[in-house]
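Asks: sequence first, then the predicted structure, then my questions.
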Amino acid sequence: MALTWKLSSYWDKFWHLANPKVFMGWSSRLLPIIIVMAAFCLSTGLIWGFFFTPDDARQGSTVKIIYLHVPAALVAINGYLLMFIGSLFWLIRRQHVSVLIAKATAPIGMAMTAIALLTGAIWGQPMWGTYWVWDPRLTSFFVLFLFYIGYIVLWSAIEDHDTAADLTSILALVGCGFALLSRYAVLFWSQGLHQGTTVTISDGVQQERISDVFFQPLLLSMAGFCLLFLALLLIGTRTELRARRLKMLELREQML
Amino acid sequence: MMPDLGNYAVEVISAYGLSSIVLGFLIFTSVVRNARVKQRLADAEARKDA
Amino acid sequence: MLHGMSFSVSHGEALLVRGENGIGKTSLLRCISGLQAPKSGSIELSQTLAYAAHVDGIKGSLSVMENLQFWSHIYGGSNPKPALETYNLSDFAQRPAGNLSAGQKRRLGLARLLVTGAKLWVLDEPTVSLDAKNVLLFLRVLKDHLDGGGAAVLSSHIDLNIKMKAIDLINFKALKSDGNFEFMELLE
Amino acid sequence: MIKLFWRDVTLAVRSGGGFGLALIFFLIVVVLVPFAIGSDQIMLSKVAPGVLWLGALLACLLSLDRVFGLDFEDGTLDLLATSPIPLEGVYLAKVAAHWLTTGLPLTLAAPIYGLLFNLDFEVRQLLFLSLLFGTPALSLIGSFGSSLVLGVKRGGLLLSLLVLPLYIPTLIFGAQVARSAAIGQNFEVPLVLISIVSLITLAILPFAAAAALRINLR
C-alpha cells in the first residue's frame, strides 16, 4: 500500500508541474540553461563533424550531411509522438499546458521534417542521380510533413480555443495511428533504396555500421538538435500560454 | 582551413545552407512572436489594473 | 458562462427560463439536454428527453409524414397520425416539408415532440413564428403533456398563462434575490 | 439507426445530385488522363489502375462535406444528439449511407471506365475487388474528417487537406492490388492489407468521430 501512496504523490507532484503558473516558473529558470547547452552541443557537434571527420570511402564528403539529416529526422518523429502524448493528456485531464505543448511542437516538428527532407534529398542526389527519389524513408517523412500541416491548419481554422484544442487532439491521436499505418504501407509499397539509416533508435531508425570517428560528432549534434527542440518548445509553449491569457483579458474587456 | 569537400562540395554546402536558413527562420519567428505576445500581454495587464 | 445555480423540475411541472437575449438561456437549455457539458456541477435526468430549438431539423425533400415517421422510429415507433391531428397538419401529410410555411414547419417541429413520447421537453422559444391561434394550441398541448405527468423546461419571450415556476437569468452586475431559487450570475 | 441510414439513402436518391455527381466527376477525371498523358495504349494501360483508383478516391472526397454538413445546418444533428441513438450509431449510419450512395456506385463504375483504357478482364476484376474492400475505409475516414471540420465555415478545402494524408495506406494497397495483375505479383497480400485498414478504421473511427461531433455541437 505504501508504494501506491508514494507513487500517487509523485504523480500529483508531476501534475503540479503542469499547472500553468508553475510551468511558467520552472520553464523560465530552465530555459537559459537549455539554450546554452543546445548552442554548445550544436556548434561543437556540427563543427567537429564538418571540419574534422574524413570523407567516407564510398560517398565522399556528402557523408557530412549525416549530422543534419539524422538528428532532424529523429526530432521530427519524436515531435509527433510528443504531440500524441500532449493531446492525450489534454483529452483525459483537460491540461491546458499539455495541449499547448502539442500546439507549440507542431511548427518545430514541421521545420525539422522539412530539414530532414531537404538534407535527405541533397544527400541522395550524388548516389541516386536525381534530387527526389520515392524512397520509403523519404516518402514517409513527406507523409509526416503532411500530417504536421494538417494539424497546424486545423488549429488556425477554428476560432474557439477549447474546441480547437479538442479537435486537434483527436486529429493528432487518429493521425498518429495513420502515420504508423502509412509508414508500413510505404515500406510495403517500394523496395527500399535508402542506405539503411545510421543509428539504432527505438523509433525505427535502423543501425548503420559506421565507424566511431563519425559517431561521436553525430551523438553531439543529435543532442544539440534535441536541446534546440526543447528550447524552442519551451519558448513556444510560454508564448501560447501568454497568448491564451491575453485573449482571456481581451474577451473580458469586451464583456465589461 | 576549409576541408577539401571534393566534387560534392555544392551538395554539402547547400545542405548546411538550407538547413541553417530553415532553423534560423524557425528560431527567429518563435523568438519574435514570444516577445510580441509578451509585450501585448503586459499592456493588457496594465489596462486591466488601470 | 452561467454560474452558481441549482433547480429541479418534477412531474407535471414546467420551468420558464427568462432573461434578455444572449444572456445564456439557450446554453442553459443545451446544457440540460446534454449537448453542452456543464463546467462544474451535474445534470441528473431521470426521463427520456426531447429537445427542440429555433431550427426545426425538418428535411425539405421528405414529406411531412416521412419526417414524423423518421422521428417516431428513432424514439421507438409511436404512430405519428395523432400528432398530426393535434397540430392539424393532417392534410399536409403527403406534401414535401420543403414548401411548408414557417408556422407550419414550427408546428411540425412541435408535433415531433409528441411523436418522441419523451417525458421531458426542453424547448427553446417554442412559440416563435406561431400565430396567436397556434400559440393557444401549443399551450393546450403543453398543458396535456404536463397533466399527463410530463415536464418541460422552456424559454420564451411571451407570457404563457400557465402556472409555472420561473427562473431569471440576470447579468452579474445587477444581483437580486427572491423566492427559493438561487440566483444566476454571469461569470466566466 | 437503420432508419437513419434509410432516410439518408432516400434523401440522397431524392436530391439526385449526390451519387450522380460523384460518378460524373470520376468519369471526367478518367477521361482527362489520356489528354494529359497522351493516347499511347501501352502507357495508358500501365497507368490506368492507379488513375482509376485515384479518380474513385477523389470522387469520394468530393461528396464528403454533405455527410454531416446538411444535418448540422438544419438542426437535425442537434436533435439526433439528444435522441436515444448514440452518436457513434449516427456516424455509422451516415457512413453506410455515404458508402451505398457514393462508394458502391464508384466501385461498380470503375471496371466499366477501365474499358476506356482497354484493361483486360482480370485487371478490371481486381480493380473492382480492391475498390470493394477499399471504399468503406474511404467513407469511414472521410466522414470522420467531415465531423472534424463541421464548425469551420468553408470546410471543404480543409477537409481534403486533413483526409488525403489519411487515405494514403488505402490508396497504396488498393492501387497495388489493381496493378498486381499487370506486374505479375499475387494480389492476395495487398488485398488482405486493405481489408485490415478498413477493419481498423471501422473499429476506431466511430469513437473519434462521435467525440468530434459532440465537441462541434457544443
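Replies: Done, it's in. As the structure is a computational prediction, the values presented were derived from the model and not from experiment. Numbering: from 1, shown residues only, chains lettered A, B, ... in the order given.

Asks: what about whichever helix or strand residue D:206 is part of, near chain A?
Replies: Element membership of residue D:206, judged by DSSP states H and E, is helix D:188-216. Yes - using Cβ under 8 Å from any Cβ of the partner chain, helix D:188-216 reaches chain A at D:190, D:193, D:197, D:200, D:204, D:205, D:208, D:211, D:212, D:215, D:216. Just so you know, the C-beta spots here come from the backbone N, C-alpha and C atoms, and that holds for glycine as well.

Asks: quick one: residues contacting residue B:31.
Replies: residue A:235 (Cβ atoms under 8 Å, 6 or more residues apart in numbering or on different chains).

Asks: thinking again about what came up before, by neighbours, which of the residues of helix D:188-216 next to chain A wins?
Replies: residue D:212 (28 neighbours; other Cβ atoms under 10 Å in any protein chain shown).

Asks: just confirm residue C:153 is within a helix.
Replies: No - Residue C:153 is assigned strand when assessed by DSSP: H, G, I helix; E, B strand; the rest coil, not a helix.

Asks: what about the nearest residue to it once chain neighbours are set aside, distance to residue A:233?
Replies: Leaving aside its chain neighbours, residue C:153 sits nearest to residue C:15 (4.7 Å; criterion: Cβ to Cβ, 6 or more residues apart in numbering or on different chains). Distance, residue C:15 to residue A:233, by Cβ to Cβ, to the nearest Å: 49 Å.

Asks: now do residue D:155
Replies: According to Cβ to Cβ, residue D:155 and residue A:233 sit 30 Å apart.

Asks: before we move on, what about residue D:172?
Replies: From residue D:172 across to residue A:233, the span is 32 Å (Cβ to Cβ).

Asks: quick one, phi psi at residue C:37?
Replies: phi -80, psi 130 (degrees, to the nearest 10).

Asks: dump the residue contacts of it.
Replies: So residue C:37 contacts C:31, D:218 (Cβ under 8 Å, 6+ apart).

Asks: could you report the pLDDT at it?
Replies: Listed pLDDT for residue C:37 reads 75.

Asks: separation between it and residue A:110?
Replies: Per Cβ to Cβ, residue C:37 is found 32 Å from residue A:110.

Asks: what of residue A:188?
Replies: Noted for residue A:188: a distance of 26 Å to residue A:110, by Cβ to Cβ.

Asks: neighbour count for these two, which is higher?
Replies: Ranked by neighbour count (other Cβ under 10 Å), residue A:188 and residue A:110 place residue A:110 first, with 23 against 16.

Asks: name the residue of chain D that lies nearest to chain C.
Replies: Nearest residue of chain D to chain C: residue D:75, at 3.2 Å (Cβ to the nearest Cβ).

Asks: helix or strand next in line after the strand or helix carrying residue D:88, which one?
Replies: Taking DSSP H and E as the criterion, residue D:88 maps to helix D:87-98. On the C-terminal side of helix D:87-98, the closest following helix or strand by DSSP H and E is helix D:104-114.

Asks: in that next one, what's buried?
Replies: Judged by neighbour count using 16 or more other Cβ atoms under 10 Å in any protein chain shown, the buried positions of helix D:104-114 are D:104, D:105, D:106, D:107, D:109, D:110, D:111, D:113, D:114.

Asks: out of the residues you listed, the closest to chain B would be?
Replies: Nearest to chain B out of the buried residues of helix D:104-114 is residue D:106 (Cβ to the nearest Cβ; 40.4 Å).

Asks: if we can go back for a sec, packing partners for the helix holding residue D:88?
Replies: Helices and strands touching helix D:87-98, as assessed by 3 or more Cβ pairs under 8 Å, 6 or more residues apart in numbering or on different chains; DSSP states H and E, comprise helix D:2-15, helix D:65-73, helix D:76-81, helix D:121-148, helix D:188-216.

Asks: residue D:181 touches residue D:121, doesn't it?
Replies: No - using Cβ atoms under 8 Å, residue D:181 is not in contact with residue D:121; the gap is 9.7 Å.

Asks: so the residue of chain A found nearest chain C is in which element?
Replies: Using Cβ to the nearest Cβ, the single residue of chain A nearest to chain C is residue A:252, 6.9 Å away. Secondary structure from DSSP H and E places residue A:252 in helix A:212-255.

Asks: wait, does that helix contact chain B?
Replies: Yes - applying Cβ under 8 Å from any Cβ, one finds helix A:212-255 touching chain B at A:228, A:232, A:235-236, A:238-239, A:242-243, A:245-246, A:249-250, A:252-253.
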